[in-house]
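[1] Sequence and predicted structure below; questions after.
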Amino acid sequence: MKPEFLVYLKRYFSNYVRSFRTSDNDYNHNINLKESHTRNVCHICLEIGDSLSVSPNDQRILETAALLHDIGRFEQYRRYHSFLDVKTENHALLGLEIISDLNLLQPLNSSEQTLITTAVRQHNLAALPVNMTPKQQLCSQVLRDADKLDIWRVVTEYYHRNNDRRNGVLELGLPDTPKVSEEVIQELVRQEIVRIEHIRTLNDFKLLQLSWVFDINYRRSFQILQDRSFAAKIRAVLPNIRAVEKAYRSVNAYLNEKV
């Protein structure tokens, strides 16, 4: 991949996002959140890639996958005013349609295109398939780590905001009650990813976000997670009850093993 292609693609992406903005500031706020998220995921991918000493060309592939991983989010939000895939459509697959329709990867060779589209397709799966090449696995895992790390930034900044302004899009429209679901607690205690079908309250959703620690792949990713205290920041906005503390201890024990 030529470096100038990535320069061009970044400029194209900025213009593409600009086309979704309207005169509605609340609407634009969520478009801006996704644009900022995308750029941060690009930076984190490069940081993880650097820690793994990947080649300059592979770094450009990682950054391109990061730049395009959520391109479907903008059209998803325009159509549905929601980022909830289960009630709208899979934003990764929608993104692949957009990438194909716009011929965004046409200048790249077939191997580079496959690496990028595979990473985009798989960045939001519950788990990665096993039938990947080592390079496909690396690209997908780095992107998934970077994506989670910046989502943690977004949600912890939101949970600890200094105002009462609510964002139903980030909260998935879930009821903000003190309750937590027993299935969610047990999955965390077993050090498993919480299943989306068990989510009934906003607290359940916060616990699901905690459970992402069990799907982090690289040492540098764990270091960023610990350095920015994301798990602790989520714990701070959960109820002070025994079940939550038990779940959090399970998360902490796992993190301590990995860092």
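    Received it, and whenever you're ready, just let me know what you need. Residues are numbered from 1 along each chain as shown.

[2] all helices in the stretch 151-259 of the chain, in order from the N-terminus.
    Assigned by DSSP state H, counting those that start in this stretch, the stretch 151-259 of the chain shows helices spanning 182-189, 202-211, 219-227, 230-235, 242-258.

[3] what's the last one in contact with?
    Going back to what we said before, that points to helix 242-258. Contacts with helix 242-258, where a contact means CB atoms under 8 Å, 6 or more residues apart in numbering, come from 180, 182, 184-185, 188-191, 203, 207, 210-211, 213-214, 216, 219, 222, 225-226, 231, 235, 238. Every C-beta, even on glycine, is put in place using the N, C-alpha and C of the backbone.

[4] Quick check on the residues you listed: which are buried?
    For those, burial is judged from neighbour counts taken by 16 or more other CB atoms under 10 Å, and it is met by 180, 184-185, 188, 203, 207, 210-211, 213-214, 216, 222, 225-226, 231, 235, 238.

[5] quick one, what contacts the nearest residue to Q113 once chain neighbours are set aside?
    Nearest-residue entry for Q113: L105, 4.6 Å, with adjacent residues in sequence omitted and distances by CB to CB, 6 or more residues apart in numbering. L105 makes contacts with T64, I99, E112, Q113, I116, T117, as judged by CB under 8 Å, 6+ apart.

[6] Which helix or which strand is home to the first one?
    Under the criterion DSSP states H and E, the helix or strand holding T64 is helix 56-68.

[7] Just checking the distance from that helix to the centre of its chain.
    16 Å (CA atoms, centre = their mean, to the nearest Å).

[8] Can you name every helix or strand that it contacts?
    With contacts taken as 3 or more CB pairs under 8 Å, 6 or more residues apart in numbering; DSSP states H and E, helix 56-68 sits against helix 3-18, helix 25-51, helix 110-122, helix 134-159.

[9] again, only this time at 6 Å
    In terms of contact count using 3 or more CB pairs under 6 Å, 6 or more residues apart in numbering; DSSP states H and E, helix 56-68 is assigned the packing partners helix 25-51, helix 110-122, helix 134-159.

[10] Could you export the ones you listed as JSON lines, including mean neighbour count and distance to G168?
    Below are the helices and strands packed on helix 56-68 laid out as JSON lines (neighbours: other CB atoms under 10 Å; distance: least, CB to CB, whole Å):
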{"stretch": "helix 25-51", "mean neighbour count": "18", "distance to G168": "10"}
{"stretch": "helix 110-122", "mean neighbour count": "20", "distance to G168": "27"}
{"stretch": "helix 134-159", "mean neighbour count": "20", "distance to G168": "12"}
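
[11] Now render those helices as JSON lines, adding mean pLDDT.
    Listed next are these as JSON lines, based on pLDDT from 0 to 100:
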{"stretch": "helix 25-51", "mean pLDDT": "97"}
{"stretch": "helix 110-122", "mean pLDDT": "98"}
{"stretch": "helix 134-159", "mean pLDDT": "97"}
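
[12] Looking at those helices, spot the one closest to L84.
    helix 25-51 (12.2 Å; CB to CB).

[13] can you give me how far the closest one is from the chain middle?
    With CA atoms, centre = their mean, you get 9 Å for helix 25-51.

[14] relative to helix 134-159, how tilted is it?
    Calculated by axes from the mean of the first three to the mean of the last three CA atoms, to 10 degrees, helix 25-51 forms an angle of 140 degrees with helix 134-159.
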